[in-house]
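>>> give me coordinates for this.
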Amino acid sequence: MENSKVLVVGGTGYIGRRIVRASLAHGHRTFILMRPEIGLNIDKLQLLLSFKAQGALLVEASMEDHRSLVAAVKQVDVVVSAISGRHFLLQIKLVEAIKEAGNIKLLKTTVTMKCRAAFLPSEFGIDPARMGHALEPGRITFDEKMEIRRAIEEASIPHTYVSANCFAAFFVPNLSQMRTLLPPKEKVHVYGDGNVKVIFMDEDDVATYTIKSIDDPRALNKTIYLRPPENILSQNELIAKWEKLSGEVLERIPIPSDEFLASMEEGTDITNQMAVGHFHHIFYEGCSTNFDIGEDGEEASLLYPEVRCTRMEDYMKRYL
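Residues are numbered from 1 along each chain as shown. Have a look, this model is predicted:
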């Protein structure tokens, strides 16, 4: 089967730029949605131009202009969204454009039987379908993702959801400490007993698995869970890896669950409140690992054993 024509929405963002690179590396004809306002951001504009030099095609369209979105979608087989969390609900406009364009929806009914996922919405974290119990105010991100899912499925648009769990840069070098991205120097706060298993993913690997899934019939209308066994670690194991690499021994300060949740009430910073809720679900409840993948999902490292995932000890080495 010939390679897909892929439209990346949010291609200058943190994960979006990696998806663009992965799409180009896998030989797909790669289109990037270029919003009019991008011309005012010199860094993002230069990034887009560098992608263009590598063979990507820039497609001018606006999330506020339905006709331009439809025209962009009509040029491709697959839409991959990497829209940031503040703008999740804008993807409703993408769903409407994909539905009207019609060409993507019909891919599964043509005589060529191209088994492609037509739309991969921006998720890439914890599976929102398993987070109906999530704490306020952080649950809004899961609720909005589920709203997008419902719109996709009600429109009968072929899709794949990618659950990538915890991006390494935000959770690994800092040993999962809040309010910093750098390794701690003398002490480290441990959530509960520190033994809850968590899944950490190199962001480039997330992009590779995402692009691998778009032409795979096994991923069609399913959730792809990124769970490489070597990267399923407890916080204690993560700390031990850093101590071995750095030669330093850190003082471990345990934080009981109730004490950690109480910090949510400190001040009115909604970003902090959301982060506390997410950290509690991840490091106390084990929400990335406390379930079995059912028939509606697939495990990426089993589907694509050829992908050599970055181990977290190797990811940490750049911080020495």
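>>> ok, now which ones touch residue 88?
122, 141, 144-145, 148 (CB atoms under 8 Å, 6 or more residues apart in numbering). To be clear about C-beta, it is placed using only N, CA and C from the backbone, and glycine gets the same treatment.
>>> ditto for residue 69
With CB under 8 Å, 6+ apart, residue 69 has these contacts: 61-63, 93-94, 96-97.
>>> next one: residue 145
88, 121, 123, 128.
>>> can you say which of the contacts of residue 69 are buried?
61-63, 93-94, 96-97 (16 or more other CB atoms under 10 Å).
>>> in helices only, show me the contacts of residue 69.
93-94, 96-97 (DSSP state H).
>>> show me the strands in this structure, by range?
5-9, 29-34, 57-60, 78-81, 119-120, 160-163, 166-167, 187-191, 197-201, 222-225, 232-234, 251-255, 297-299 (DSSP state E).
>>> neighbours around residue 139, how many?
18 (other CB atoms under 10 Å).
>>> ok, the contacts of residue 69 vs residue 290, which is closest?
For these, the residue nearest residue 290 by CB to CB is residue 94; the value is 31.6 Å.
>>> contacting residues around the closest one?
With CB under 8 Å, 6+ apart, residue 94 has these contacts: 9, 63, 69, 73, 79, 81, 119, 121.
>>> rerun at 10 Å
7, 9, 33, 63, 69, 72-73, 79, 81, 83, 119, 121-122, 148, 151-152, 157 (CB atoms under 10 Å, 6 or more residues apart in numbering).
>>> now residue 181
So residue 181 contacts 169-174, 319 (CB under 10 Å, 6+ apart).
>>> in helices only, show me these.
Using DSSP H, the contacts of residue 181 in helices are 169-171.
>>> separate out the buried members of these.
Judged by 16+ other CB under 10 Å, buried ones among these: residue 171.
>>> coming back round to it: nearest to residue 210, of the contacts of residue 145?
Using CB to CB, those come closest to residue 210 at residue 123, 10.1 Å.
>>> give the contact list for that closest one.
Residue 123 neighbours (CB under 10 Å, 6+ apart): 81-82, 88, 129, 141-142, 145, 148-149, 160-164, 223.
>>> still on that earlier bit, show me the two of the ones in helices among the contacts of residue 69 that sit farthest apart.
94 and 96 (7.3 Å).
>>> now stretch 25-43: mean pLDDT?
Summarised as a single mean, pLDDT over stretch 25-43 is 93.
>>> tell me the buried residues in it?
Buried-residue list, stretch 25-43, by 16+ other CB under 10 Å: 26, 28-35, 38.
>>> I'd like the contacts of residue 88 as a markdown table, with distance to residue 311 and pLDDT appended.
Listed next are the contacts of residue 88 as a markdown table, based on distance: CB to CB, whole Å; pLDDT from 0 to 100:
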| residue | distance to residue 311 | pLDDT |
| --- | --- | --- |
| 122 | 26 | 96 |
| 141 | 28 | 95 |
| 144 | 33 | 97 |
| 145 | 29 | 97 |
| 148 | 32 | 97 |
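>>> tell me the one of those nearest residue 299?
Closest to residue 299, out of all of those and judged by CB to CB, is residue 145, at 20.1 Å.
>>> gap between that closest one and residue 71?
27 Å (CB to CB, to the nearest Å).
>>> cool, residue 229 as well?
Distance from residue 229 to residue 71, by CB to CB: 44 Å.
>>> between those two, which is the more surrounded one?
Neighbour tally, residue 229 and residue 71, criterion other CB under 10 Å: the higher count belongs to residue 71, 15 against 9.
>>> what sits against that one?
Per CB under 10 Å, 6+ apart, neighbours of residue 71: 59-61, 65, 97, 101.
>>> swap in residue 285?
131, 133-134, 192, 196, 257.
>>> which two from the residues you listed end up farthest apart in space?
Among the contacts of residue 285, 131 and 192 lie farthest apart (CB to CB), at 19.2 Å.
>>> so which of the two has more stuff around it?
Between residue 131 and residue 192, counted using other CB under 10 Å, the more crowded position is residue 131 (21 against 17).
>>> any idea of the pLDDT on the more buried one?
For residue 131, pLDDT reads 98.
>>> and for the spatially closest residue to it that is not a sequence neighbour, the neighbour number?
In this structure, residue 131 finds its nearest non-sequential neighbour in residue 142, 4.1 Å apart by CB to CB, 6 or more residues apart in numbering. Close neighbours of residue 142, defined as other CB under 10 Å, add up to 22.
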